[in-house]
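1. can't give you the sequence, but here's the structure:
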């Protein structure tokens with residue numbers, strides 16, 4: 001009887017040894033040799049002021065910024081221009097405070113590159129002019145590719161706060 005259990009145990013070990021160690025893109029040899037990270041996302045408030053002379057509302061919109069990090073998966077990805085990240089864009093979906101704005105997704109271009117094992121600051125648009133009267137929670141997916149072509153992306157969040165020219169706003 002003990003021999004039967006040893007055989008079953010040995011077969012179980014062989015089956016377990018044959019399973020992959022990780023099922024994510026981190027270990028996928030076909031994926032990029034680096035991981036894209038985004039830190040310190042800043043979404044400036046959108047301000048509005050009423051011109052006392054003309055009665056027109058002036059809205060001031062400043063691009064958002066984020067620090068993009070190129071994190072190598074192994075020692076071979078620390079250098080080489082082929083492991084630099086080329087930034088391409090950010091896709092944003094919105095949850096508007098009043099439910100009236102465009103929920104997206106909306107894609108805005110992001111220009112620049114991040115050196116292998118380095119960081120860079122990126123600027124990006126985050127709202128269209130037609131939605132300047134709404135506050136919103138954001139889901140942002142930044143995307144690009146390494147120079148050799150493999151895609152990279154990362155998802156993060158943010159909040160839009162829009163000022164108003166209305167009384168009390």
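-> Here it is on my side, so go on. Not measured: the values here are computed from a predicted model.
2. next SSE after the helix or strand bottoming out on mean pLDDT in the chain?
-> Least confident helix or strand of the chain, by mean pLDDT, DSSP states H and E, is helix 2-18 with a mean of 36. Using DSSP states H and E, the helix or strand that directly follows helix 2-18 along the chain is strand 34-42.
3. need the residues that contact that following strand.
-> Here strand 34-42 makes contact (Cβ atoms under 8 Å, 6 or more residues apart in numbering) with 26, 64-73, 77, 83, 85, 114, 116, 140, 142, 144, 146, 152-154, 156-158. Bear in mind the C-beta positions are built from the backbone N, C-alpha and C, glycine included.
4. identify the bridge partners of residue 57.
-> residue 50 (DSSP bridges).
5. for residue 47, see how far away it is.
-> According to Cβ to Cβ, to the nearest Å, residue 57 and residue 47 sit 11 Å apart.
6. report how many residues lie close to the nearest residue to residue 74 once chain neighbours are set aside.
-> Closest residue in space to residue 74, ignoring its immediate chain neighbours: residue 33 at 7.0 Å, by Cβ to Cβ, 6 or more residues apart in numbering. Residues lying near residue 33 (other Cβ atoms under 10 Å) number 19.
7. confidence score at residue 100?
-> You'll see residue 100 listed with a pLDDT of 83.
8. ok, now how distant is it from residue 125?
-> 20 Å.
9. so if I had to pick from those two, which one is more boxed in?
-> Legend: neighbour count by other Cβ under 10 Å for residue 100 and residue 125, higher for residue 125 (14 against 9).
10. from residue 147, how far off is the nearest residue to the more buried one once chain neighbours are set aside?
-> Counting by Cβ to Cβ, 6+ apart, residue 125 lies nearest to residue 108, which is 4.3 Å off, once chain neighbours are set aside. For residue 108, the distance to residue 147 equals 22 Å [Cβ to Cβ].
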